[in-house]
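[1] quick check, what structure comes out for this input:
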Amino acid sequence: MPSRRSAQVSRANVVSSRLIALAIGLLLVCGAFALGFLARGNQVLLDHFGFGSGITNDAINPGLTVSGSTYDSLSARVAEVQGVLAHDSLDEFDLEDATTKVLSATTEAVADPYVRYYDPDHYAAYLKDVSGSYADVGVLFAEFHDQAYAVDVFPGSQAEAKGVLPGDFVVAIDGDRGNNGTWTQAEVVKAVSREEGESVVITWRRPATLDSQGGSEYTVTLECASSSQANVTSAMHGQVGYVKLSQITQNADELVSNAINDLASQGAAALVFDLRDNPGGYLTQAIEVSSLFVRSGVIVEIQTKDALATRNATGRVMTELPMVVLVNESTSGGAEVIAGALQDNKRASLMGRKTMGKGSVQSISELSWGGALRYTSAFYKTPLGYDINNVGISPDVEVAMPEGDPEDTQLTLAIEAAQALVPAQE
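    Numbers count the residues shown, from 1 in each chain. Down below sits the predicted model:
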């Protein structure tokens, strides 16, 4: 019996010892945790024990001083990184180079295909005034997915002689592949507008189709010469008057009005209005040109971030002759506004191919350090509210253009359709 009692006491003592050890261990863990909690952020205490801080303090962290939190502000995150580098990094960065790379990467993350950052040098070139008597290379440029291409090559121009074809995209000008690696229509027009006799070296890319990637590249040197290519041409085909508007310039309404009057004096009883390969231009002029044919009503709707606005016909109608409008895949921007206005107001029937679908407005905001940001600020809609951007305008009568067609089948059929609209004489 005594031995059994001794064994029980011994086991009880072992259990008690283990419980005491466990309790002491827990107290040590809790004490260490409490000490760590108190020491966190206490740099003096950390330095005493030989632990350096890996946290940049508020005084040298500009990420805590810019507007917004690093949880939801890009500028705060960039500023915080800049502060850490400025305080602790052994290297420096070039401010201009870093600005271009950071902002270019930012714009690439935006869904807007037309957003673009211009560094100060490229923006200065963009601001070049080409309203004076500059020469050009004999090419009418348009834009597809933010890239400039030749929509027309003028007959007899040096560009035609050097083998430049409609549909060729601009890759580089004088070795410069452009801001962000591409050239827009506006940038190209300014870059190749030079004094007569000056040369420009252009690298082109020739894709299989307008929307295909790849294609062979070639480089030509073109001498700038004064261009006499007419923006508006007209002719009579029987009783049908034909008017072609190549682009929507600042005086497009005046030129089209003069052509209509001239054709009317020749006895035109119907019209064919050709907007094929028209890259667009000034919205105000698109409204003015539309108003030459539409007596009243909405010409275009403009959707901005905050509101939907409408622009109405000016009341300056020039003719009520029946008409057919020709469009194709390169009818773009303001030219699509005209086509949509004439179609929705039932003023004309459209014939040809579906238009490009470039129904957006780009704005440019200058930045304080000399650069600039271009972005989409509005979308065009037809008078009935149909989207133009990324959709295009479908013709009432679809007519394909056979490749290498010397007869211009689309024009022939449009003239026949317009002739059929001429009232029969009694």
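[2] L413 - nearest residue in space that isn't next to it in sequence?
    Nearest residue to L413, sequence neighbours excluded (C-beta to C-beta, 6 or more residues apart in numbering): V399, at 5.6 Å. No exception for glycine: its C-beta is placed from N, CA and C like everyone else's.
[3] show the subsequent helix or strand relative to the lowest-mean-pLDDT helix or strand in the chain.
    Counting by mean pLDDT, DSSP states H and E, the chain has its least confident helix or strand at helix 43-48, which shows a mean of 50. Moving toward the C-terminus from helix 43-48, the next helix or strand (DSSP states H and E) is helix 74-88.
[4] what residues sit buried inside that following helix?
    A76, R77, V78, A79, E80, V81, Q82, G83, V84 (16 or more other C-beta atoms under 10 Å).
[5] tell me what it is packed against?
    Helix 74-88 sits against no helix or strand, with contacts defined as 3 or more C-beta pairs under 8 Å, 6 or more residues apart in numbering; DSSP states H and E.
[6] mind checking how far that helix is from the chain centre?
    Centroid separation for helix 74-88 versus its chain: 30 Å, with C-alpha atoms, centre = their mean, to the nearest Å.
[7] now it: average pLDDT?
    The pLDDT scores in helix 74-88 average 87.
[8] also stretch 408-426?
    pLDDT averaged over stretch 408-426 gives 89.
[9] and the contacts of that stretch?
    237-240, 242, 269-272, 274, 276, 322-324, 326, 328, 349, 351-352, 397, 399, 401-402 (C-beta atoms under 8 Å, 6 or more residues apart in numbering).
[10] then stretch 246-258?
    Residues contacting stretch 246-258 (C-beta under 8 Å, 6+ apart): 140, 152, 229-233, 243, 245, 277-282, 285-286, 288-289, 291-292, 318, 333-335, 338.
[11] hey, where'd the strands end up in the stretch 51-200 of the chain?
    116-118, 139-144, 147-153, 169-173, 199-206 (DSSP state E, counting those that start in this stretch).
[12] any low-confidence regions in the stretch 101-250 of the chain?
    By pLDDT under 70, the weakly predicted segments of the stretch 101-250 of the chain are 128-135, 227-228.
[13] let's see 80
    Low-confidence segments of the stretch 101-250 of the chain (pLDDT under 80): 125-136, 155-156, 179-180, 226-229.
[14] helices along that one, start to end?
    120-126, 158-161, 185-192 (DSSP state H, counting those that start in this stretch).
[15] redo the ones you listed as JSON lines? Include mean neighbour count and distance to D262.
    Formatted as JSON lines, these follow (neighbours: other C-beta atoms under 10 Å; distance: least, C-beta to C-beta, whole Å):
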{"stretch": "helix 120-126", "mean neighbour count": "16", "distance to D262": "38"}
{"stretch": "helix 158-161", "mean neighbour count": "17", "distance to D262": "28"}
{"stretch": "helix 185-192", "mean neighbour count": "21", "distance to D262": "29"}
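[16] out of those, flag the one nearest I173.
    helix 185-192 (4.9 Å; C-beta to C-beta).
[17] tell me the pLDDT at L28?
    For L28, pLDDT reads 60.
[18] centroid residue for the chain?
    The chain has Y114 as the residue nearest its centroid, 1.7 Å off, counting by C-alpha atoms, centre = their mean.
[19] and this protein, what are its domains?
    With automatic domain parsing as the criterion, the domains of the chain are listed as 10-48, 128-223, 232-420.
[20] out of these, the one nearest V102 is which?
    domain 232-420 (11.7 Å).
[21] now the end-to-end length of the closest one.
    25 Å (C-alpha to C-alpha, to the nearest Å).
[22] what number of residues lie near the residue nearest to G333 when sequence neighbours are not counted?
    Leaving out its chain neighbours, the residue that sits closest to G333 by C-beta to C-beta, 6+ apart is G280, at 2.4 Å. With neighbours defined by other C-beta atoms under 10 Å, the count for G280 comes to 25.
[23] go on, D262?
    Neighbours around D262, by other C-beta under 10 Å: 14.
[24] equivalent analysis for Y380, please.
    Y380: 25 neighbours (other C-beta under 10 Å).
[25] next: T99.
    Neighbours of T99 (other C-beta under 10 Å): 17.
[26] was I right about it contacting G371?
    Yes. Assessed by C-beta atoms under 8 Å, T99 is found in contact with G371 at 7.4 Å.
[27] quick check: mean pLDDT of stretch 375-390?
    pLDDT averaged over stretch 375-390 gives 96.
[28] okay, the strands of the stretch 51-200 of the chain in a markdown table with distance to Q362 and mean neighbour count next?
    Shown next, in a markdown table, are these (distance: least, C-beta to C-beta, whole Å; neighbours: other C-beta atoms under 10 Å):
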| stretch | distance to Q362 | mean neighbour count |
| --- | --- | --- |
| strand 116-118 | 9 | 25 |
| strand 139-144 | 10 | 24 |
| strand 147-153 | 14 | 23 |
| strand 169-173 | 18 | 20 |
| strand 199-206 | 23 | 18 |
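[29] distance to S360 added to those, as JSON lines?
    Output for these, formatted as JSON lines (distance: least, C-beta to C-beta, whole Å):
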{"stretch": "strand 116-118", "distance to S360": "13"}
{"stretch": "strand 139-144", "distance to S360": "11"}
{"stretch": "strand 147-153", "distance to S360": "15"}
{"stretch": "strand 169-173", "distance to S360": "20"}
{"stretch": "strand 199-206", "distance to S360": "24"}
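[30] quick one: buried residues of stretch 295-310?
    For stretch 295-310, the neighbour count (16+ other C-beta under 10 Å) marks G297, V298, I299, V300, E301, I302, Q303 as buried.
[31] please export the C-alpha coordinates of that stretch as CSV.
    Output in CSV follows, covering the C-alpha atoms of stretch 295-310 (Å, rounded to 0.1, in the frame of the first residue of the first chain):
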residue,chain,number,x,y,z
ARG,A,295,-33.7,71.5,-93.7
SER,A,296,-34.3,70.9,-90.0
GLY,A,297,-33.8,68.4,-87.2
VAL,A,298,-31.0,66.8,-85.3
ILE,A,299,-27.7,66.3,-87.2
VAL,A,300,-25.7,64.6,-84.4
GLU,A,301,-25.8,63.6,-80.8
ILE,A,302,-22.7,64.1,-78.7
GLN,A,303,-22.2,62.0,-75.6
THR,A,304,-19.8,63.4,-73.0
LYS,A,305,-19.0,62.1,-69.5
ASP,A,306,-21.7,64.2,-68.0
ALA,A,307,-24.4,64.9,-70.6
LEU,A,308,-25.9,64.1,-74.0
ALA,A,309,-26.0,67.1,-76.3
THR,A,310,-27.5,67.6,-79.7
